[in-house]
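> Quick one, what's the 3D model for this:
(chains A and B)
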Amino acid sequence: MKILLTKWSAIAKDSINRAAIVAKFLCLLHVTNTYIFSPTLVYGPSMLPTLNLTGDVLLSEYVSHRLGKVGPGDVVLVQSPENPRKMITKRVVGMEGEVVSFLVDPGHSDRSRTVVVPKGHVWIQGDNIYASNDSRNFGPIPYGLIQGKVLCRVWPLDGFGSL
Amino acid sequence: MRTTSFIWDVCKSSFTFGLIGLTISDRFASVVHVRGLSMSPTFNPPNNSSLGLLTVNGPSTDDHVMVEKRCLTDYKFSHGDVIVFSSPRNYKEKQIKRITGLAGDWISVPFSYDAVRIPEGHCWVEGDNPTDSLDSRSFGPIPLGLIRGRVTHILWPPQRVQKIDRKLPRSGLTF
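As a prediction, this is how the structure comes out:
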């Protein structure tokens, strides 16, 4: 009876140790993917010709936006203001206080509008202005919606390198 | 030799505990210190032991609340939820307010005949203490993506430990 108990306790201890290792690894994965960098798959026509239509794997880092180091010209990952569960990839065109001019309906008219970006907000636009739902439609977005900055493209391999 | 391995062990365990603590506070729940009077009397109620008209609300009476993060997986909020969100004017500040309107609701702007419709993916937040609260009446509806968690319980001071209920908004402001 005693031998059975010691055998069961040894198995239990061993399985707890292994579960602890898996839990620690998952925590490390979460912290790296949220606070340091991670690969991201993006697709869609709004950033042509910089990003492909069918999908690119990009390396994005999550340090700059927490330090406030995101500036105009950066490609960023943001949470869509229309659907918080959707992540979109766009380029930052203007920071708070800057004046942004844009074509209201490119391809159909020459009308343009000029807007001042309010405090705490950024103006994002897709590189493909003909097929992009961005700040020209939903207005400037709060800086707090920015989730990360794109560093370089990882896949497909012939496009490897910075954008 | 033994002290270096001891120090190394201490570093390893503190690093592990840091990782686990960070993951739990990001994905499950964390504790937040409530400052300011914009949510009085729900949080930081006025202190009645005072000299006449002067009320002292020092650090000894500030509430600490538990904020749950499971709601951030599907962003399903209801009217009356108390939420923590990044301020749209300054991403470094976090504010605590109550949701009084969700996407599709119409909010009447005070002192005007206008009505504002809350767009998709946004919500309207107001503090329980309308005289001392900087909320959606100043900066408009906020995107749900700014929300960082939902307040469920008050954890400190011990005599104020309680569950936070969903209070419906005052009638006359939404229709």
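> Quote the end-to-end distance of stretch A:134-151.
By Cα to Cα, to the nearest Å, the extent of stretch A:134-151 from end to end equals 21 Å.
> from the middle of its chain, how far away would that stretch be?
10 Å (Cα atoms, centre = their mean, to the nearest Å).
> Same check on stretch B:66-79?
The answer for stretch B:66-79 is 11 Å, by Cα atoms, centre = their mean.
> Check which residues of it are buried.
The neighbour-count check on stretch B:66-79 (16 or more other Cβ atoms under 10 Å in any protein chain shown) flags B:66-67, B:69, B:71-72, B:77, B:79 as buried. C-betas here are computed from N, CA, C, even on glycine.
> for it, what is the average pLDDT?
Computed over stretch B:66-79, the mean pLDDT rounds to 93.
> Extract the C-alpha trace of that stretch and format it as CSV.
Below are the C-alpha coordinates for stretch B:66-79, written out as CSV (Å, rounded to 0.1, in the frame of the first residue of the first chain):
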residue,chain,number,x,y,z
MET,B,66,-9.8,44.9,-8.8
VAL,B,67,-9.8,45.3,-12.6
GLU,B,68,-10.6,42.2,-14.7
LYS,B,69,-9.1,41.7,-18.1
ARG,B,70,-11.2,38.7,-19.4
CYS,B,71,-13.6,41.2,-21.0
LEU,B,72,-10.9,42.3,-23.4
THR,B,73,-11.2,39.1,-25.5
ASP,B,74,-14.6,39.9,-27.0
TYR,B,75,-15.2,43.6,-26.0
LYS,B,76,-18.8,42.9,-24.9
PHE,B,77,-19.7,45.7,-22.5
SER,B,78,-23.1,46.8,-21.1
HIS,B,79,-24.5,50.0,-19.9
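> does that stretch come close to chain A?
Yes - using Cβ under 8 Å from any Cβ of the partner chain, stretch B:66-79 reaches chain A at B:74-75.
> what sits against residue 144?
Since you didn't name a chain, this refers to chain A. Applying Cβ atoms under 8 Å, 6 or more residues apart in numbering or on different chains to residue A:144 gives the contacts A:120, B:85-88, B:91, B:145-146.
> Not quite, go with chain B.
Per Cβ under 8 Å, 6+ apart, neighbours of residue B:144: A:84, B:75, B:77, B:121-123.
> Would you mind putting the buried residues of stretch B:66-79 into CSV with secondary structure alongside?
Compiled in CSV, those are given as follows (DSSP: H, G, I helix; E, B strand; the rest coil):
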residue, secondary structure
B:66, strand
B:67, strand
B:69, coil
B:71, helix
B:72, helix
B:77, coil
B:79, coil
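> Around chain A, pick out the residues from chain B.
With Cβ under 8 Å from any Cβ as the criterion, chain B meets chain A at residues B:16, B:19-20, B:22-23, B:26-27, B:74-75, B:85-92, B:119-122, B:142-147.
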